[in-house]
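**Q** Take a look and give me a structure for this.
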Amino acid sequence: MPRPLRIVHVLPDLRIGGAEVFVPWLVTALRDAGHESWLFTVRDRGQLTGTLDCPTWSARRTKRAELSVLTRMAWQLRKVNADVVNTHMFTAMAWGSVAARMARVPVVTFTQHTELDVSERIAQLATAGIAELIDV
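**A** Numbering: from 1, shown residues only. Presented below is the predicted three-dimensional model:
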């Protein structure tokens, strides 16, 4: 029997919203299915912190260009020996995919839960090179 996958989901934060409610449920469902699953956040955790039935960790980014977030997140991804990193929303994709590649995670995915607004589309174009880091 193959070993369980170690899956890390990355969100921008845990403020109350659609993805922030769905992803913790997904993490719990994956754990119930026999996989090891965690939820990481880029910024401080938010209102849902402490209410979730899944393991969480935060890189606690406080500044827009706080590059030390990448090393903290990559270190934590190595610590859990992640097989898959699934980033959710643009901010998590921008930071999580780079950290995942730094940590040599084999599979990196991205899920956008809402339609991107104009400012996010501009940011997406400005960081189009990050898309090369994502497998699915």
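**Q** same for the longest strand along the chain, what does it pack against?
**A** Identified as the longest strand of the chain according to DSSP state E is strand 36-43. On a contact count with 3 or more Cβ pairs under 8 Å, 6 or more residues apart in numbering; DSSP states H and E, strand 36-43 meets strand 6-11, helix 18-32, strand 56-61, helix 68-80, helix 90-102. Quick note: C-beta positions are derived from backbone N, CA and C, even for glycine.
**Q** wait, which of these is closest to residue 44?
**A** Closest to residue 44 of the helices and strands packed on strand 36-43 is strand 56-61 (Cβ to Cβ; 5.6 Å).
**Q** Which secondary structure elements does the closest one sit against?
**A** Counting by 3+ Cβ pairs under 8 Å, 6+ apart, strand 56-61 packs on strand 36-43, helix 68-80.
**Q** so how far is that strand from its chain's centroid?
**A** Computed by Cα atoms, centre = their mean, to the nearest Å, the chain-centroid distance of strand 56-61 equals 10 Å.
**Q** tilt between that strand and helix 68-80?
**A** Interaxial angle of strand 56-61 relative to helix 68-80 (axes from the mean of the first three to the mean of the last three Cα atoms, to 10 degrees): 160 degrees.
**Q** Scan the helices and strands of this protein for the one with the lowest mean pLDDT.
**A** Least confident helix or strand of the chain, by mean pLDDT, DSSP states H and E, is helix 118-126 with a mean of 56.
**Q** circling back: let me know which of the helices and strands packed on strand 36-43 is tucked in deepest.
**A** strand 6-11 (a mean of 26; mean count of other Cβ atoms under 10 Å).
**Q** Now do that strand against strand 56-61, angle only.
**A** If you take the same axes, to 10 degrees, strand 6-11 sits at 50 degrees to strand 56-61.
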